[in-house]
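below: sequence and its predicted model.
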Amino acid sequence: MNSDNGSALWELSPKFVGSILQKNEELCVERISRYFGRFESRLMTKAAAKKKDVDLIGFTGSFFEKYSEKSDPNCFDGNDVSAAISLSITGASYWVASLLNEEIDLSVFTKFEYGVCISEVGIEFFDDPQISKIYGQLKLLNGISRVTASKLLASKRPNLFPIFDNDVSSLFLHSDGKSWQQKGSYLAWCKSMQIVLADKIVSDLLKKFLESSGEVCQPLRALDVIFWLESYDRNKNLADLLLYPIK
């Protein structure tokens, strides 16, 4: 782990994630509140706003839940596409049409309630061949990467399927010292996140943060938001970065 907080790579483990959350409670609540806070309709491109020195207010990802909650629980539909697009991917017509044209059997997880927690489904869940089949069917469609596939699955069950985001995955290391962004499948990421969310310290802290910020999302999404804003704030050279315990 790099000792420079601005370029640190972290362990994706319950102990380390729990320690980060404990050490940064106030900042974590601030990040969730900021992400789901005020949004102004955007009337110009980022480039045009920069030229005119105009601030674009709000995060498009704050609309993810609004689309996700409206989607058909038994199949991928336009609300899932809109939810995924709100998380900064391109909604190219060829993959959108292909997705809606396919018949993908989601029964392996649609039997669970919308808010089912990743820690509640059993350690073998992500080894189920049907989960691999669904993920494989998504990845076969031209234009759907592992990132897009993870966002579509997260739309169906946002507290069950973690998002595999390039920004968040780049913050973490495998046990062999390699970055998750460079190595590791989406389903392996899911299993690692499952272990993290099953930790009582982590789950209790996330619930506490969400109570303080108005229950704006599911705990798994809150964790993703906290770490996505870490990457975002690092790239913006902002001062309020997460502090981590020194080993």
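Received it, and whenever you're ready, just let me know what you need. No experiment lies behind these values; they were computed from the predicted model shown.

my guess is residue 49 contacts residue 55, does it?
Yes: counting by Cβ atoms under 8 Å, residue 55 is a contact partner of residue 49 at 7.3 Å. Bear in mind the C-beta positions are built from the backbone N, C-alpha and C, glycine included.

any regions of this protein where pLDDT drops low?
Applying pLDDT under 70 to the chain flags the ranges 1-8, 245-247.

which residue lies farthest from the center of it?
residue 52 (31.8 Å; Cα atoms, centre = their mean).

which residues touch that one?
residue 44 (Cβ atoms under 8 Å, 6 or more residues apart in numbering).

all strands of this protein, in order?
For the chain, applying DSSP state E gives strands covering 10-11, 172-173.

pick the most deeply packed of the ones you listed.
Neighbour counts (mean count of other Cβ atoms under 10 Å) averaged over each of the strands of the chain peak at strand 172-173, with a mean of 20.

who does that strand touch, helix- and strand-wise?
strand 10-11 (3 or more Cβ pairs under 8 Å, 6 or more residues apart in numbering; DSSP states H and E).

what's the longest helix in the chain?
Assignment by DSSP state H gives helix 219-235 as the longest helix of the chain.

how far does that one sit from the chain's center?
Chain-centre distance of helix 219-235: 8 Å, with Cα atoms, centre = their mean, to the nearest Å.

cool, stretch 165-176 as well?
Distance, stretch centre to chain centre, for stretch 165-176: 13 Å (Cα atoms, centre = their mean).

so what touches that stretch?
Applying Cβ under 8 Å, 6+ apart, the contact partners of stretch 165-176 are 1, 8-12, 87, 147, 150, 179-181, 183-184, 189, 224, 227-228, 230-232.

what do you get for stretch 206-222?
21, 25, 28-29, 32-33, 36, 64-65, 115, 117-118, 154, 158-160, 162-163, 193, 197, 203, 223, 225-226.

from these, which ones fall inside helices?
Per DSSP H, the contacts of stretch 206-222 map to helices at 21, 25, 28-29, 32-33, 64-65, 154, 193, 197, 203, 223, 225-226.

among those, name the buried ones.
Using 16 or more other Cβ atoms under 10 Å as the burial test, the ones in helices among the contacts of stretch 206-222 include 21, 28-29, 32, 64-65, 154, 193, 197, 203, 223, 225-226 as buried.

for the residue nearest to the spatial centre of the chain, give me its contacts.
Geometric centre of the chain, nearest residue: residue 163, 3.5 Å, by Cα atoms, centre = their mean. Taking Cβ under 8 Å, 6+ apart as the criterion, residue 163 is in contact with 87, 147, 150-151, 154, 221, 224.

closest to residue 17 among those?
Distances from residue 17 to the contacts of residue 163, taken as Cβ to Cβ, are shortest for residue 224 (11.8 Å).

gap between that closest one and residue 232?
Remark: distance between residue 224 and residue 232 (Cβ to Cβ, to the nearest Å) = 12 Å.

neighbour count: those two, which is higher?
Legend: neighbour count by other Cβ atoms under 10 Å for residue 224 and residue 232, higher for residue 224 (24 against 15).

picking that back up, farthest-apart pair in the ones in helices among the contacts of stretch 206-222, please.
The farthest-apart pair in these, when distances are taken by Cβ to Cβ, is 25 and 154, at 24.8 Å.

quick one: the helices in this protein?
With helices called from DSSP H, the chain shows them at 14-23, 25-35, 46-51, 64-68, 78-86, 93-101, 107-110, 129-140, 146-156, 166-169, 186-197, 200-213, 219-235.

redo these as TSV? Include distance to residue 241.
Converted to TSV, the helices of the chain look like this (distance: least, Cβ to Cβ, whole Å):
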stretch	distance to residue 241
helix 14-23	11
helix 25-35	8
helix 46-51	23
helix 64-68	24
helix 78-86	25
helix 93-101	35
helix 107-110	35
helix 129-140	33
helix 146-156	24
helix 166-169	14
helix 186-197	20
helix 200-213	17
helix 219-235	6
